[in-house]
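Peer 1: Predicted structure and sequence below. I'll ask about it afterward.
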Amino acid sequence: MDYLEYVKSFKKIRKILILGSGAVGKTSLTKVLKSKLPLKDMNGDCNYNRTLFVEIDQFKTEDKNGTFQVVDLAGQLELPIHATRDTPKLAFSAVDLICFVFAKDNAQSLLDLNQWVNIANNYYNETNLKIPPFIVIKNKMDQESNIDDSLLDILKPRLKGYFEISCFDGKGVNELKKWFSEFFNECNNKYMER
Ligand SMILES: Nc1nc2c(ncn2[C@@H]2O[C@H](COP(=O)(O)OP(=O)(O)OP(=O)(O)O)[C@@H](O)[C@H]2O)c(=O)[nH]1
Ligand SMILES: [Mg+2]
């Protein structure tokens with residue numbers, strides 16, 4: 001039996017990795033999952049403070065029984081320092097779920113998903129580990145845009161979930177929170193069945 005899996009189940013902690021391009025709202029996502037309020041109602045929290053390397057945070061499931069530890073990486077892969085290259089174990093090990101995020105008003109961030117998926121795939125292939133389940137989150141649904149997201153159709157059969165949300169006004173966030181609680185139970189039930 002995997003010792004870490006035992007600890008995670010016993011302590012009711014699961015690890016999430018958030019990947020996606022700069023400014024799509026990865027750090028905002030954790031903020032709203034932690035809070036009862038959307039960004040627009042958090043004082044001063046709409047300012048953009050780029051993640052320089054990695055942010056580690058956590059949020060509770062709705063019933064407060066479980067905790068998700070979140071590893072949220074910088075979106076700028078071209079930085080000389082990037083966790084996917086310099087500390088890949090910190091980013092990728094013991095991950096229960098990967099959340100790929102793109103923004104409705106940024107077509108490039110949708111195209112970039114391909115690169116983020118490849119980076120994750122490469123790590124798990126090279127280390128002979130199975131890629132964890134993953135979801136895609138389209139953020140900034142409050143923004144106007146007409147990007148064609150049919151590109152996602154190729155990915156959709158492999159997705160554990162697909163969500164359209166706005167961290168700014170909170171649209172879709174409650175559904176996502178509910179899904180996370182169910183996913184948490186699913187992880188623990190899987191462990192109990194073994
Ligand atoms: N309109 C709108 N703005 C949002 C939304 N979510 C986040 N933002 C804003 O987008 C900007 C970037 O958000 P972050 O959460 O810092 O983005 P990030 O993906 O963590 O960016 P990096 O750390 O650079 O990789 C901030 O100014 C947020 O307030 C949303 O749903 N709608
Ligand atoms: Mg960030």
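Peer 2: Now that the structure is in, tell me what you want to look at. Ligands and ions are numbered 1, 2, ... in the order given.

Peer 1: Show me what the longest helix seen in the chain is packed up against.
Peer 2: Assignment by DSSP state H gives helix 173-193 as the longest helix of the chain. When contacts are defined as 3 or more CB pairs under 8 Å, 6 or more residues apart in numbering; DSSP states H and E, helix 173-193 packs onto helix 3-11, helix 26-34, strand 161-164. (C-beta placed from N, C-alpha, C; glycine too.)

Peer 1: and ligand 2, which of the ones you listed is closest to it?
Peer 2: With CB to the ion, the closest approach to ligand 2 among the helices and strands packed on helix 173-193 belongs to helix 26-34: 3.2 Å.

Peer 1: any residue of the closest one up close to ligand 2?
Peer 2: Yes - using CB under 5 Å from the ion, helix 26-34 reaches ligand 2 at 26-27.

Peer 1: again with stretch 58-70
Peer 2: No - under the criterion of CB under 5 Å from the ion, ligand 2 is not reached by stretch 58-70; the shortest gap measures 11.0 Å.

Peer 1: Which parts of this structure are helices?
Peer 2: With DSSP H as the criterion, the chain has helices spanning 3-11, 26-34, 83-86, 88-92, 107-111, 113-126, 152-155, 173-193.

Peer 1: Do you know the pLDDT at the spatially closest residue to Thr127 that is not a sequence neighbour?
Peer 2: Of all residues not flanking Thr127 in the chain, Phe92 sits nearest, at 7.8 Å (CB to CB, 6 or more residues apart in numbering). Phe92 carries a pLDDT value of 98.

Peer 1: For Phe92, give me its contacts.
Peer 2: Residues near Phe92 by CB atoms under 8 Å, 6 or more residues apart in numbering: 17, 84, 120, 123-124, 127.

Peer 1: Quick check: phi and psi on Lys104?
Peer 2: phi -60, psi -30 (degrees, to the nearest 10).

Peer 1: residues touching the nearest residue to it once chain neighbours are set aside, list them.
Peer 2: In space, and not counting its chain neighbours, Lys104 is closest to Lys140: 4.6 Å by CB to CB, 6+ apart. Contact partners of Lys140, counting by CB under 8 Å, 6+ apart, are 24-25, 103-106, 166-168.

Peer 1: near ligand 1, which residues of this structure show up?
Peer 2: By the criterion of CB under 6 Å from any ligand atom, the positions of the chain lying close to ligand 1 are 22-28, 39, 46-48, 50-51, 74-75, 139-140, 142-143, 166-168.

Peer 1: Select only the buried ones of these in ChimeraX?
Peer 2: With 16 or more other CB atoms under 10 Å as the criterion, this ChimeraX line picks the buried residues out of those:
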select :22,23,24,25,26,27,28,39,51,74,75,139,140,142,166,167,168
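
Peer 1: List the buried residues in stretch 38-58.
Peer 2: 38-39, 45, 51, 54-55, 57.

Peer 1: Now pLDDT and distance to ligand 2 too, for those residues, in JSON lines please.
Peer 2: Below are the buried residues of stretch 38-58 laid out as JSON lines (pLDDT from 0 to 100; distance: CB to the ion, whole Å):
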{"residue": "Pro38", "pLDDT": "96", "distance to ligand 2": "17"}
{"residue": "Leu39", "pLDDT": "96", "distance to ligand 2": "13"}
{"residue": "Asp45", "pLDDT": "70", "distance to ligand 2": "12"}
{"residue": "Thr51", "pLDDT": "97", "distance to ligand 2": "3"}
{"residue": "Val54", "pLDDT": "98", "distance to ligand 2": "9"}
{"residue": "Glu55", "pLDDT": "98", "distance to ligand 2": "6"}
{"residue": "Asp57", "pLDDT": "98", "distance to ligand 2": "10"}
